[in-house]
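Peer 1: Need a 3D model of the sequence below.
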Amino acid sequence: MAKIERSTYIRISKTLLRKLFRTGCWGAGSMYEEHLKEGFPKEDADKAILVADALVRQGILGKKRKLYGFKYFLREEMYEKIMEIIQ
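Peer 2: Now for the predicted structure:
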């Protein structure tokens, strides 16, 4: 597993949360891993999934298994924390 610098982690987590927030991925709505990686430079695309998994462990994101892979979504009970990170 690759070590991610703190500044890179913060930048990627803000981008991921903004992307999920903008598309309305709260609970019922969700986004596949492949779509989360879109828009990142090639070197950061793999790190985006690692950061998303770290946000799942923190309870900010949710993750569910679907037919074509995993889907990520914002957890509604963490709304205030998400808004704090996005700002």
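Peer 1: buried stuff in the helix or strand where I12 lies?
Peer 2: When elements are assigned from DSSP states H and E, I12 belongs to helix 6-22. Within helix 6-22, the residues that count as buried by 16 or more other C-beta atoms under 10 Å are I12, S13, T15, L16, L17, K19, L20, F21. For glycine as for every other residue, the C-beta is placed from the backbone atoms N, C-alpha and C.
Peer 1: Just the closest of the residues you listed to K64, please.
Peer 2: Taking C-beta to C-beta as the measure, L20 is the one of the buried residues of helix 6-22 closest to K64, at 13.6 Å.
Peer 1: List the buried residues in stretch 22-36.
Peer 2: Quick answer for stretch 22-36 (16+ other C-beta under 10 Å): C25, W26, S30, M31, E33, L36.
Peer 1: ok, the residue lying farthest from the centre of the chain to L20 distance?
Peer 2: No residue in the chain sits farther from the centre than L67, which is 19.4 Å out by C-alpha atoms, centre = their mean. As judged by C-beta to C-beta, to the nearest Å, L67 and L20 stand 20 Å apart.
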